[in-house]
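In: I would like the atomic coordinates for the input below:
(2 chains)
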Amino acid sequence: MSDSMQFYISTLLIYLFIDIMGVLGLNLQFGVAGIINFAYIVFVAVGAYTCAVLSLGPDYAGNFQHYAFGASWPFPLPILAAGVVSGLLSLIVGVISLRRLRSDYQAMVMLVLSLIATLVATNATGLVNGPAGLATVPQPLADVLNLAPLEYQWVYAGWCAFLTAVIFLFVRGITNSPLGRTLRAMRDNDRAASALGKSVTNLRLMIFVVGGVIAGISGAVFVEFIQAWSPGSWLYPETFVFLAAIIVGGAANNWGVMVGTLLVPVGFLEATRFLPQVFYDGFIEAMQWVCVGLLILLFLWFRPQGLFPERPSRFQPRPQAQPAARPPE
Amino acid sequence: MSQLSAAVGFGLITASILSIAAVGFTLQFSVTNILNLAYGDIMTACAFAAYLVNRLGVNIWISLVVAALFGAVFSMLLNRFVYFQFVRRGTRLFGMIIVTIAMSLVIQNVLLAIFRPTFFSYHTSPGASYHFGGMIFTASQLGIMGIAVVAMLGVHLISTRTKLGKAMRATATNPGLARSCGIATDQVIDVAWLLSGALCGVAGVVLVLNTATFSEVTGATFLVPVIAAAILGGIGQPYGAMLGALTIGVAGEVAATVISPSYKDVVAFGILILVLLVRPQGILSEVASAKEVAA
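Out: Reported below is the predicted structural model:
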């Protein structure tokens, strides 16, 4: 295999693992707990920014980019900090929006939040260098390992695979536990769940924060790989790519959404990046977004439960009761 | 002081555009329970429709009528052949929001693919300037405000003085009951989408008239203050949307003068958050609370 081919494949693999992390976090919120978080990409972005400024070193007067809270923490502290900061932000946003608002208001507030976050990051130039964004984020342990670029790619892919496995086991632990059952009950009928003594608001808030932490970590690992991050990397449609992966793969099914990630963000958006340009620059990209939209519509129409539907619970349903399986939304 | 009154003047123009858009947006929700997040992109599509007509040499105000008609028919067809079909298949509120967003992606990027990523502007001049106190308006801005006043009066008269308005309010409050009272709710819904689509088209064109240039994302960007105005007023409430538009429009422009122009939308969002914390159901909210849309 030629070197450029290896580069391409290892890059795709890294994207795949990072996207899977992100999608698993959103699936926990959306698929399992039924929280619509249209601002998910904001928490990915916050993680990425946190990790970037904490590994770029303190800002100085002659620097070509300006940012707040600069430090040069050793690996893996920036990644952990990214998870913490995203989690804290989730907590604040969750307390404001999940506590009292009806679900449709929540969805819209999240969407507006996503747009406003982009505006703030673009306009507050001293915070994360405004529209130009941050660049030259150091790759973790690059000077310690001292590897050739291609070898480093494969090591990084392995590191992403390891993190993805950890997050997968963690998320599966939640979905298979009694907590996961409670969350699904809440998603399917929150009044019944609260009638059984479950604090719906606290559960929502908790899963919102857990999802936020996962989003932050995925953003951190991503920015350490691509070494740059700007407001253009996390516009609000990116959240819908994740949602599309979940809808295609099958909401609330952790294996399903991983297949969905392989198909939508990676297979569809990344792997086609090198198609020859036809008509004019940007045409392919526009058509990709049209296809993402149509893909969501077609799946919601023909197979709303996704390719791999949520597996019904393993209990024997009582004869007169409704079947336990229901199509996820 | 004069700077402040000039800012209020700008605020009134923004509020005029916002109110047209927000009333249309909120009307769609009140009658069909659909939060149409493709609304901003339909505004853009209408702006492009007016652009095409305008380029043929037609006066911009006539192009505006064409855009309103286009918006009306497009929205009605979109609801009847896409949204309503999904609702009938049992897609619930959450699913519908995703359907409208998917639609938004499709419309926006089809426009991008057709018109290419550049900026467009209409063949028109803003006309002479007029001074009122410290406020300065161009002739076309006065036209925008006039259209807003007429549109709001129109919506008010239709919803209070006509049988159709009564039927729409009945359908909004309780579709099942409305149907059993002999109201043809399907036709009422079609008319409501025609009406709101026309408002959407008008809003799209006047938005571009005021900002001078536009691209495929213009409407989608403007959707933020529209949603904020609609939520602020209590979603599903036309009068609330007008009130919300006025608040967000004026507060946004004043903040732009006092703080920084780039924070116009951020301030609007701040107001929104504040209101949601104090009064989550919005300023005017009888219908919204009666409907219990929370799933």
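In: Now do the contacts for A:Ile207.
Out: For A:Ile207, the contact set (C-beta atoms under 8 Å, 6 or more residues apart in numbering or on different chains) comprises A:28-29, A:32-33, A:35, A:183. The way it works is simple: take the backbone N, C-alpha and C, and place the C-beta from them, glycine included.
In: Just name the closest of those residues to chain B, please.
Out: Closest approach to chain B among the contacts of A:Ile207 (C-beta to the nearest C-beta): A:Ile35, at 9.7 Å.
In: what about B:Ala67, neighbour count?
Out: Neighbourhood size, B:Ala67 [other C-beta atoms under 10 Å in any protein chain shown]: 31.
In: Can you pull out the residues in contact with the helix or strand encompassing it?
Out: Under the criterion DSSP states H and E, the helix or strand holding B:Ala67 is helix B:60-78. Residues outside helix B:60-78 that contact it (C-beta under 8 Å, 6+ apart) are B:28, B:38, B:42-43, B:45-47, B:49-51, B:53-54, B:58, B:103, B:122-124, B:143, B:147, B:190, B:193-202, B:204-206, B:209.
In: Distance of A:Ser10 relative to chain B?
Out: Between A:Ser10 and chain B the distance, using C-beta to the nearest C-beta, to the nearest Å, works out to 30 Å.
In: For that residue, pull up the helix or strand it's in.
Out: The secondary structure element spanning A:Ser10 is helix A:3-27 (assigned by DSSP H and E).
In: Can you classify B:Thr118 by secondary structure?
Out: Under the three-state scheme (DSSP: H, G, I helix; E, B strand; the rest coil), B:Thr118 adopts coil.
In: List, one by one, the residues from the stretch 201-329 of chain A near chain B.
Out: A:237, A:240, A:243, A:247, A:280, A:282-283, A:286-287, A:289-290, A:292-294, A:296-297, A:300-301, A:304, A:329 (C-beta under 8 Å from any C-beta of the partner chain).
In: from the contacts of A:Ile207, which ones fall inside helices?
Out: Using DSSP state H, the subset of the contacts of A:Ile207 located in helices is A:Leu183.
In: If we go by neighbour counts, what in the top helix by length along chain B is buried?
Out: Of all the segments assigned as helix in chain B under DSSP H, the longest by residue count is helix B:2-32. Within helix B:2-32, the residues that qualify as buried are B:6-32, counting by 16 or more other C-beta atoms under 10 Å in any protein chain shown.
In: and if you look at stretch B:50-63?
Out: For stretch B:50-63, by 16+ other C-beta under 10 Å, it's B:50-51, B:53-54, B:58, B:60, B:63.
In: just stretch B:183-200 next, same as before
Out: Applying a neighbour-count criterion of 16+ other C-beta under 10 Å, one finds B:183, B:185, B:188-200 buried in stretch B:183-200.
In: is it fair to say B:Ile136 lies in a strand?
Out: Yes. Using three-state DSSP, the assignment for B:Ile136 is a strand.
In: what's the closest non-adjacent residue to A:Leu24?
Out: A:Val171 (4.9 Å; C-beta to C-beta, 6 or more residues apart in numbering or on different chains).
In: just for the chain, where's the confidence low?
Out: In the absence of a named chain, this looks at chain A. Chain A contains residues with pLDDT under 70 at A:100-102, A:270-278, A:313-329.
In: looking at chain B here, not the other one
Out: B:1, B:277, B:280-295.
In: Show me the strands in it, by range?
Out: According to DSSP state E, chain B carries its strands in the segments B:129-132, B:135-138.
In: can you give me how far the last one is from the chain middle?
Out: Relative to its chain's centre, strand B:135-138 lies at 23 Å (C-alpha atoms, centre = their mean, to the nearest Å).
In: residues in contact with the nearest residue to B:Thr138 once chain neighbours are set aside?
Out: Once flanking residues are discounted, B:Thr138 sits nearest to B:Pro126: 3.9 Å by C-beta to C-beta, 6+ apart. With contacts defined as C-beta under 8 Å, 6+ apart, B:Pro126 is in contact with B:138-141.
In: Quick one: buried ones out of those residues?
Out: Burial by neighbour count, judged by 16+ other C-beta under 10 Å, picks out B:138, B:140-141 from the contacts of B:Pro126.
In: What is the neighbour count of residue 85?
Out: I'll assume chain A. Counted with other C-beta under 10 Å, residues neighbouring A:Val85 total 22.
In: Oops, wrong one, chain B.
Out: The number of residues packed near B:Gln85 is 13, by other C-beta under 10 Å.
In: So it versus chain A, what's the distance?
Out: According to C-beta to the nearest C-beta, B:Gln85 stands 8 Å off from chain A.
In: Point me to the helix or strand that includes the closest residue to that residue other than its chain neighbours.
Out: With C-beta to C-beta, 6+ apart as the criterion, B:Gln85 has its nearest non-adjacent residue at 8.0 Å, and that residue is A:Trp301. A:Trp301 belongs to helix A:283-302 when elements are defined using DSSP H and E.
In: And that helix, how far out from the chain middle?
Out: In terms of C-alpha atoms, centre = their mean, the centre of helix A:283-302 is set 19 Å apart from its chain centre.
In: Can you list the neighbours in contact with that helix?
Out: By C-beta under 8 Å, 6+ apart, the list of residues contacting helix A:283-302 from outside reads A:237, A:240-241, A:243-244, A:247-248, A:264, A:268-269, A:272, A:275, A:277-278, A:306, B:82, B:85-86, B:89, B:91, B:95, B:98-99, B:101-106, B:108-110, B:112-113.
In: which residues does A:Asp19 contact?
Out: Counting by C-beta under 8 Å, 6+ apart, the residues that A:Asp19 touches are A:218, A:242, A:245, A:261, A:265-266.
In: With neighbour count as added columns, please give the residues you listed in JSON lines.
Out: As requested, these are arranged in JSON lines below (neighbours: other C-beta atoms under 10 Å in any protein chain shown):
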{"residue": "A:Ser218", "neighbour count": "32"}
{"residue": "A:Phe242", "neighbour count": "27"}
{"residue": "A:Ala245", "neighbour count": "30"}
{"residue": "A:Thr261", "neighbour count": "29"}
{"residue": "A:Pro265", "neighbour count": "24"}
{"residue": "A:Val266", "neighbour count": "20"}
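In: Can you tell me which of the residues you listed is nearest A:Gly197?
Out: When the contacts of A:Asp19 are compared for distance to A:Gly197 (C-beta to C-beta), A:Phe242 wins out at 32.7 Å.
In: so the closest one is in which element?
Out: helix A:237-249.
In: and that helix, C-alpha only, in CSV?
Out: What follows is helix A:237-249, C-alpha atoms only, in CSV (Å, rounded to 0.1, in the frame of the first residue of the first chain):
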residue,chain,number,x,y,z
PRO,A,237,-25.7,21.8,10.5
GLU,A,238,-22.8,19.6,11.9
THR,A,239,-25.2,18.6,14.7
PHE,A,240,-27.6,17.3,12.0
VAL,A,241,-24.9,15.1,10.5
PHE,A,242,-24.6,13.4,13.9
LEU,A,243,-28.4,13.2,14.1
ALA,A,244,-28.5,11.8,10.6
ALA,A,245,-26.0,9.1,11.7
ILE,A,246,-28.3,8.2,14.6
ILE,A,247,-31.5,8.2,12.5
VAL,A,248,-29.9,6.1,9.8
GLY,A,249,-28.1,3.7,12.2
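In: my guess is B:Leu93 contacts A:Asp104, does it?
Out: Yes. Because the distance of 5.8 Å satisfies C-beta atoms under 8 Å, B:Leu93 is recorded as touching A:Asp104.
In: Looking at those two, which is more packed in?
Out: Shown here are B:Leu93 and A:Asp104; by other C-beta under 10 Å, A:Asp104 has more neighbours (22 against 19).
In: That one is in contact with B:Thr100, isn't it?
Out: No. In this structure A:Asp104 lies outside contact range of B:Thr100 using C-beta under 8 Å: 11.6 Å.
In: Can you pull the residues that touch both of those two?
Out: Once C-beta under 8 Å, 6+ apart is applied, the residues that A:Asp104 and B:Thr100 both contact turn out to be B:Leu35.
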